[in-house]
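For reference, the sequence and a predicted model appear below.
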Amino acid sequence: LQQVVTILMCGVRAGRVQQLNPMSLTWSMQPLLLFSVFAASFLDCGASGENSSNNFSTSKQPHFDLLMGPSIPLVGFGIGNLPHENIPEVVHAQLRAGALLIDTAHASNNEKILADAVSSFVSSGGGHSKTRGGQLTGAEDLEPLHVVTKVWYTHLGYERTKISIGESLANLANTPRQIYVHMLLHWPRCNDEIPWMNCEAEENNLPQTVKDAGPPPHLDKKGAFLQSWKAMEEIYLDHQHRIKLTRKGMKHPPLIASIGVSNFELEDMKELMLTNPRVRPQIYQGNSWLIFHDPFLMDYLRDHNIFFQSYAVMSGILQNRERAPNAYSILSGLSRELMDKQNGVTITEGTVVLAYFLHKNIGVIPRAASAKHQQENSLQSLSAVLPHLTSAHIGQLETAIPALMKGEDIHTSVSFMNALSTPIQIHWLNPDTKEEVLVSNIIHPGSVEIQNSHPGHRFVAYDPEREVRKEFLVDAGYGEKQFFSVEL
C-alpha cells in the first residue's frame, strides 16, 4: 500500500498522473489518487532520496501539449541569424535565466556551436541545483533542453532529408544535457520568385554526396516535400521508444521529440494531410503576420491541434511604431500600467506583445543579442505580465498589433447624428488655442457624420444661426467607437 501511494504521489509531481484514469483503479484505490494530489508537494521523489528528478517538466514555465511525445515550452529564443561569435554568450545568458527552448536551422550552420555552448555551460555548473548534502546534481538530472531545427529546401526528398537530419543530430550530440529535437521542414520548396532564393545555384553548390542521394528537389516542387515527410516519420517513430527511456533517468543522444513544418501555405498543409501520414505535423512555425491575416490557415491548424510557433514577433510588429504611433501608444500605456503593479521587473512594449501571444497559447522564439532585449523577453518579465492581462487588455492588443503589423495607424471613430430639425456643422476645439476649427460638412437632420479622432479631443456642434451650441468630449480609446447625438 505504501508503494502504491508513493507511485501515485510521485506521478503527480512528475506530471504522469494526467495519463492515469482513476476509473481504471479498484474502488479501494481511488481515494489514494485524491490524497496524492494533496500530498504530492510534500514528498521527495528523488531516485536516491537526496534530490528530485528533473526528467519530467517540474518548472513553472508554460508548455503546450503536442499531439504525441513530450510537451514543448511556449517560450524560447532564436539564434538562427546571430553572428556565430555571439552565440555562446547569448546561450549562456538564456540558460542561466532558465530557458528550455532554442530555435535554429541546419542552414544557419550553428548547431554544433549551440551544442558546444550548452556543454560549456553545463560543465561550468550552470543549471545545476544542490542536493540536501550540498552536492551539485548531475547533468542527467537537468530538465531536457528543447531545440527546434529545420531541413533546408535543398535537402528535400527522402534520402536527402535523412542526410540533413543525421547531420543535425550529430551536430547537437556534443552535450551532457539531454536534447529533445523538434525537426521541421523549413520550406515546402525552393521558389525562384522569392528574391533571395536561387534554386539552381544552391543546387550546384551542394556536396556531391547530397546530389548523389536524390534528385534535385527544385525540379519536383510538388512531390519532394512529401517524400521528406516519409523520411521524417520513420526517424521520428524510431526515436519514440528511446524518449520513454529518458523518462527513467537514462541520457541518450539527441532525440527527435516531434516533427513539423515551417512556412507552408494552407494548400501545402492539405496536400500533406491528404497522404494520410502515419504521423501528422505537430508543430507549424510561421511568421506572426499569419495570426491576424491568414484566418483560414490558423483555423486549419487549430482544427488539427497543430501547435503554432511564431517568429518575427518583434521585427514584424514593433518596427512600424513610427508609422502607427497611436497603435504603439496602446502598447506603451499597457507596459506602464503593468509595470506599476510589479516591483522592479522590466516590462516593455515588446514584453506586452509576447505576453499576448502566450495568452493565446502561441509559441514565441524572439531573437535577442543584447542583455536589455533578453531581459524584456525573459520568463521573469513575461510571468509578471500574464496574470494581470484582462479581457480589456486583450481587446486593446488585438486592435493595436494588427495595425502595427500593417503600419496603418488606428484612431477613435466618432459618429455625430443630427437629431435636430435644422442642419449642423462640427468644429474641433483646439486644446491649446481654444480655436474652433470646422471639420465637417453640413449635416442635415437625421444624417450622420463620422470623424477619426483621438481620446480627449473636444468637438462643438452649431446650427447655422449658432443658436444651438453642444460640446462633446471623446473618452473612447484608440480603436474604439463613440456615438454622439446632437439634440436639444
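In hand now; what should we look at?

tell me which element the nearest residue to E436 once chain neighbours are set aside is part of?
Once flanking residues are discounted, E436 sits nearest to H427: 4.1 Å by C-beta to C-beta, 6 or more residues apart in numbering. Placement of C-beta: from N, CA and C, glycine included. Secondary-structure element containing H427, defined by DSSP states H and E: strand 425-429.

go on, N441?
For N441, there is no host helix or strand (DSSP H and E).

Run through the stretch 151-300 of the chain and note the low-pLDDT ranges.
Flagging of the stretch 151-300 of the chain using pLDDT under 70 yields the residue ranges 246-250.

Strands of that one, start to end?
Using DSSP state E, counting those that start in this stretch, the strands of the stretch 151-300 of the chain run over 179-185, 255-262, 283-287.

Quick one: closest of those to L318.
Proximity to L318, assessed across the strands of the stretch 151-300 of the chain by C-beta to C-beta, is greatest for strand 283-287 (14.5 Å).

follow-up on the earlier one: could you list the paired strands of the strand holding H427 along with their orientation?
Partner strands for strand 425-429, per DSSP bridges, with pairing direction: strand 436-438 (antiparallel), strand 458-462 (antiparallel).

So which of these is nearest S168?
From the strands paired with strand 425-429, taking C-beta to C-beta, the stretch that ends up closest is strand 458-462, at 61.8 Å.

Following element in sequence after the closest one, please.
Downstream of strand 458-462, the next assigned helix or strand under DSSP H and E is strand 469-473.

Tell me the buried residues in that following strand?
Within strand 469-473, the residues that count as buried by 16 or more other C-beta atoms under 10 Å are 470, 472.

quick one: contacts of it?
With C-beta atoms under 8 Å, 6 or more residues apart in numbering as the test, strand 469-473 has contacts from 414, 416, 429, 456-462, 484, 486-487.

From the residues you listed, list just the buried residues.
Here, 16+ other C-beta under 10 Å leaves 414, 416, 429, 457-462, 484, 486 buried among the contacts of strand 469-473.

Nearest to V468, out of those: which one, please.
When the buried ones among the contacts of strand 469-473 are compared for distance to V468, the smallest value, 6.6 Å, is given by Y462; criterion: C-beta to C-beta.

Run through the residues that contact the closest one.
Contacts of Y462 were listed using C-beta under 8 Å, 6+ apart, and they are 424-425, 427, 468-469.

May I ask which of those residues has the most neighbours?
Of those, I424 is surrounded by the most neighbours, 23 neighbours in total, counting by other C-beta atoms under 10 Å.

is that one in a bridge, and if so with what?
Applying DSSP bridges to I424 gives these bridge partners: I443.

start the count at 451, not 1, going forward
Sounds good: first residue 451 from here, last item I874.

I'd say it and A911 touch.
Yes - the pair I874 and A911 passes the contact test of C-beta atoms under 8 Å, sitting 5.0 Å apart.

Show me whatever sits in contact with both of the two.
Overlap between the neighbourhoods of I874 and A911 consists of 866, 918, 936, taking contacts as C-beta under 8 Å, 6+ apart.

what's near enough to touch S935?
So S935 contacts 867, 869 (C-beta under 8 Å, 6+ apart).

Kindly apply the preceding question to E650 instead.
When contacts are counted by C-beta under 8 Å, 6+ apart, E650 is found next to H668.

From Y928, how far out is it?
In this view, E650 and Y928 are 49 Å apart by C-beta to C-beta, to the nearest Å.

Could you do E917 as well?
35 Å.

ok, Q677 touching K612?
No - with contact defined as C-beta under 8 Å, Q677 and K612 do not form a contacting pair (10.3 Å).

could you pull out the strands for the stretch 751-900 of the chain?
The residue ranges that make up the strands of the stretch 751-900 of the chain, judged by DSSP E, counting those that start in this stretch, are 757-761, 813-814, 862-868, 875-879, 886-888, 898-903.

So which residues make contact with the shortest one?
What that stands for is strand 813-814. 514, 522-526, 551, 757-760, 763, 804, 807-808.

Might you report the residue contacts of the closest residue to L839 other than its chain neighbours?
With C-beta to C-beta, 6+ apart as the measure, H809 is the residue that lies nearest to L839, at 5.6 Å, once sequence neighbours are left out. With contacts defined as C-beta under 8 Å, 6+ apart, H809 is in contact with 836, 839, 844.

Pull out the buried residues from those.
L839.

got the angle for the lengthiest helix in the chain vs strand 705-712?
Secondary structure assigned by DSSP state H gives helix 674-696 as the longest helix of the chain. Angle, helix 674-696 to strand 705-712, by axes from the mean of the first three to the mean of the last three C-alpha atoms, to 10 degrees: 150 degrees.

could you say which helix or strand contains I552?
Following DSSP H and E, one finds I552 within strand 551-553.

Doesn't K562 lie inside a helix?
Yes - read with DSSP: H, G, I helix; E, B strand; the rest coil, K562 is one of the residues of a helix.

Count the residues that sit near it.
Taking other C-beta under 10 Å as the neighbour definition, K562 ends up with a count of 15.
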